[in-house]
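Novice: Quick one, structure for this:
(2 chains)
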There are 2 protein chains.
Amino acid sequence: NVRAIFQPAEEKIQGGALAVIQDKGLENPKVEAIFGLHVEPFLPTGCIAVKSGPVMASTAQFTIRVIGKGGHAAKPFECTNPISVAAQIVTSLQAITGGMIDPLKPGVLSVTTINAGTIFNVIPEEAAIQGSVRSLDESTAGAFPEKIENIVKGIVSAYGADYTFEYNRGTGVLVNDEAMTKHVQDVGRKLLGDGAVHDYVGTFGGEDFAEYLLHVPGCFFRLGCAQEGIEQESLHHPKFNPDERALIYGSAVLAGIIAGFG
Amino acid sequence: NVRAIFQPAEEKIQGGALAVIQDKGLENPKVEAIFGLHVEPFLPTGCIAVKSGPVMASTAQFTIRVIGKGGHAAKPFECTNPISVAAQIVTSLQAITGGMIDPLKPGVLSVTTINAGTIFNVIPEEAAIQGSVRSLDESTAGAFPEKIENIVKGIVSAYGADYTFEYNRGTGVLVNDEAMTKHVQDVGRKLLGDGAVHDYVGTFGGEDFAEYLLHVPGCFFRLGCAQEGIEQESLHHPKFNPDERALIYGSAVLAGIIAGFG
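Specialist: Residues are numbered from 1 along each chain as shown, chains lettered A, B, ... in the order given. Alright, predicted model coming up:
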């Protein structure tokens, strides 16, 4: 039996894989191996990139609200300026990836939005900070929420402000199975040639295919879609321009994986 | 001769006084003394508060734009996150009033808005900071722009970002003339009684009446408008609720100032 899953809601946090699993997409009959592919604009058409172990990151989003005390800009001593507090938090959050986690199990923390206040002469009541956290290691990924909240709690308390903290984990680290990865590599070498099978460079991008791999051994690999002479930009970029002949190579490799499997 | 000026555009930065002066409001015949009054919700009706020297602050507004390099939240090392840079700037700006100016010639610097980014997984290109600066001393007021820009320049350069800096001064320090202040105090004591003439507590609020006092000796004083049993809130507050009988006392004092002057 072969089952094709067309990936839903990949770009949403947590992705559609969880819904597929909940809807018994991996059962009746039980799925015994799973393979996924993703175009790669910086790899030539006709090539794949594949590696066992962690290759895509666990992701999470957080929102911190600093609740201060607003008032007149002329009287900061009667206020608790949430912008000053938020600035200290943003600065201190850099300390997490800057030294509070094992650099061999790295993580990324990016503050991506900050918003407070509307006018020159009024100290606002609140400041909101949002950001994204990623890691290729589950223990590092699991350590972030507490480390972030400890920093928020400490700084907010230093200034006499208050806070709310929301942390939403997306999918976990995407970990390719060793045997399944070897199978993809073998098929790739046979169909595309030795030189066409590259090493997958891990990134801190997230991918909900990770969820399937928690239940079923499998492998997620990259499919080259760069054609010489066609300008390429990264995924999600408005100028992303895949070579559509990549479809042929992708189909061939998937068919080869199935044929070699039974 | 008596000239009444009904103050235009007081709440706008720079205020309407400059326009009155430009339109020759202090000439033909030349104005030789000028007096202004302002309601005060925390002083009982029937009282005034008055003091010679600086009583209201010079004001200014600033806007700082930090120009970084945006990109994917998973790749902060390929970006220059303007939020991190802005956070360092906000924190460092506190050092100006915290130790870089003479505490006997104090100033106030309040960061009142910060805005950057729109979404969890994108590091934005820019961060904008706005704020307000006030001082009761002209030398302190004059020192702020350079001190602010030095901090911005240094931090932005440390991170390899860029910036724009805009600084708009409003009116200067409001300085009451000593002889004119004594005249208001004498009139107040005669008309309202000894106990009704209070000392004016200086604030970091701004007031464009300051502009007139650069050309003409005069005095700006506070007129009590608090009635026992009527809940009071500060000026500009939606619950500000002046006792309208203050009008009688204000008119009486202004009339007394004129009568005693000729």
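Novice: Next one: the closest residue to A:Pro217 other than its chain neighbours from A:Gly53, what distance?
Specialist: Counting by C-beta to C-beta, 6 or more residues apart in numbering or on different chains, A:Asp177 is the residue found nearest to A:Pro217 once chain neighbours are left out, at 3.8 Å. For every residue, glycine as well, the C-beta is placed using N, CA and C. From A:Asp177 across to A:Gly53, the span is 9 Å (C-beta to C-beta, to the nearest Å).
Novice: who's more crowded, these two?
Specialist: Taking neighbours as other C-beta atoms under 10 Å in any protein chain shown, A:Asp177 and A:Gly53 compare with A:Asp177 leading, 19 against 14.
Novice: quick one: buried residues of stretch A:13-22?
Specialist: Within stretch A:13-22, the residues that count as buried by 16 or more other C-beta atoms under 10 Å in any protein chain shown are A:13-17, A:20-21.
Novice: Please apply the same query to stretch A:203-223.
Specialist: For stretch A:203-223, the neighbour count (16+ other C-beta under 10 Å) marks A:203-213, A:216-223 as buried.
Novice: ok, now stretch A:162-173?
Specialist: Applying 16+ other C-beta under 10 Å to stretch A:162-173 flags A:162-163, A:169-173 as buried.
Novice: Stretch A:37-55 too?
Specialist: Neighbour counts over stretch A:37-55 (16+ other C-beta under 10 Å) mark A:37-41, A:43, A:45-52, A:54-55 as buried.
Novice: From those, list the ones also adjacent to chain B.
Specialist: Subset of the buried residues of stretch A:37-55 in contact with chain B: empty, counting by C-beta under 8 Å from any C-beta of the partner chain.
Novice: so which residue of the stretch 151-262 of chain A comes closest to chain B?
Specialist: A:Phe204 (3.7 Å; C-beta to the nearest C-beta).
Novice: Let me see the contact set for that residue.
Specialist: By C-beta atoms under 8 Å, 6 or more residues apart in numbering or on different chains, the contact set of A:Phe204 is A:57, A:108, A:134-136, B:74-75.
Novice: how close does it get to A:Val175?
Specialist: Separation of A:Phe204 from A:Val175 (C-beta to C-beta) stands at 15 Å.
Novice: cool, and A:Thr113?
Specialist: Distance of A:Thr113 to A:Val175, given as C-beta to C-beta: 30 Å.
Novice: try A:Gly53
Specialist: Taken as C-beta to C-beta, the span from A:Gly53 to A:Val175 is 6 Å.
Novice: which helices and strands sit right next to whichever strand or helix holds A:Ile248?
Specialist: Under the criterion DSSP states H and E, the helix or strand holding A:Ile248 is helix A:246-259. The helices and strands touching helix A:246-259, judged by 3 or more C-beta pairs under 8 Å, 6 or more residues apart in numbering or on different chains; DSSP states H and E, are strand A:34-44, helix A:178-192, strand A:218-226.
Novice: Up against chain B, what does the stretch 101-250 of chain A have?
Specialist: Residues of the stretch 101-250 of chain A lying close to chain B (C-beta under 8 Å from any C-beta) are A:108, A:110-124, A:127, A:130-132, A:134, A:203-206, A:234, A:236.
Novice: Give the PyMOL command for selecting the buried subset of those residues.
Specialist: Entered in PyMOL, the line below selects the buried ones among those, by 16+ other C-beta under 10 Å:
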select buried, chain A and resi 108+110+111+112+113+114+115+116+117+120+121+122+123+124+127+130+131+132+134+203+204+205+206
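Novice: From the residues of the stretch 101-250 of chain A next to chain B, which land in helices?
Specialist: Using DSSP state H, no member of those falls in helices.
Novice: Can you list which of the residues of the stretch 101-250 of chain A next to chain B are found in strands?
Specialist: Counting by DSSP state E, those place A:108, A:110-116, A:122-123, A:127, A:130-132, A:134 in strands.
Novice: which of these lies closest to B:Asp199?
Specialist: Using C-beta to C-beta, A:Ile123 comes nearest to B:Asp199 of those, at 27.3 Å.
Novice: Could you report the neighbour count for the closest residue to the closest one other than its chain neighbours?
Specialist: Nearest in space to A:Ile123, with sequence neighbours left out and distances taken as C-beta to C-beta, 6+ apart, is A:Cys79 at 4.5 Å. Using other C-beta under 10 Å, A:Cys79 has 19 other residues around it.
Novice: what's the spacing between A:Cys79 and B:His237?
Specialist: Going from A:Cys79 to B:His237 by C-beta to C-beta gives 14 Å.
Novice: Kindly report the same for A:Gly99.
Specialist: Distance from A:Gly99 to B:His237, by C-beta to C-beta: 46 Å.
Novice: what do you get for A:Phe209?
Specialist: Going from A:Phe209 to B:His237 by C-beta to C-beta gives 56 Å.
Novice: contacting residues for A:His38?
Specialist: Going by C-beta under 8 Å, 6+ apart, A:His38 touches A:207, A:220-223.
Novice: right, and the pair among those with maximum separation?
Specialist: Going by C-beta to C-beta, the pair spanning the contacts of A:His38 furthest: A:Glu207 and A:Leu223, at 13.8 Å.
Novice: what's near enough to touch the spatially most central residue of chain A?
Specialist: Centroid-nearest residue in chain A: A:Gly206, 2.2 Å away (criterion: C-alpha atoms, centre = their mean). Applying C-beta under 8 Å, 6+ apart to A:Gly206 gives the contacts A:56-59, A:134, A:170-171, B:74.
Novice: same thing but at 10 Å, please
Specialist: A:Gly206 sits next to A:10-11, A:13-15, A:56-60, A:132, A:134, A:170-174, B:74, B:121 when contact means C-beta atoms under 10 Å, 6 or more residues apart in numbering or on different chains.
Novice: from these, which ones fall inside strands?
Specialist: A:56, A:58-60, A:132, A:134, A:174.
Novice: got CSV for these, with distance to B:Ala143 and pLDDT too?
Specialist: Output for these, formatted as CSV (distance: C-beta to C-beta, whole Å; pLDDT from 0 to 100):
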residue, distance to B:Ala143, pLDDT
A:Met56, 53, 93
A:Ser58, 50, 93
A:Thr59, 47, 92
A:Ala60, 45, 95
A:Ser132, 40, 96
A:Arg134, 44, 96
A:Leu174, 56, 95
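Novice: what would the residues you listed look like in TSV with distance to A:Val197?
Specialist: Below are those laid out as TSV (distance: C-beta to C-beta, whole Å):
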residue	distance to A:Val197
A:Met56	19
A:Ser58	26
A:Thr59	28
A:Ala60	32
A:Ser132	32
A:Arg134	27
A:Leu174	19
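Novice: Return the two entries of these that lie farthest from one another.
Specialist: Longest span within the ones in strands among the contacts of A:Gly206, C-beta to C-beta: A:Ser132 and A:Leu174, 16.5 Å.
Novice: if we can go back for a sec, ok, the residue nearest to A:Ile123 touching B:Val108?
Specialist: No. If you go by C-beta atoms under 10 Å, A:Cys79 and B:Val108 don't touch, sitting 11.0 Å apart.
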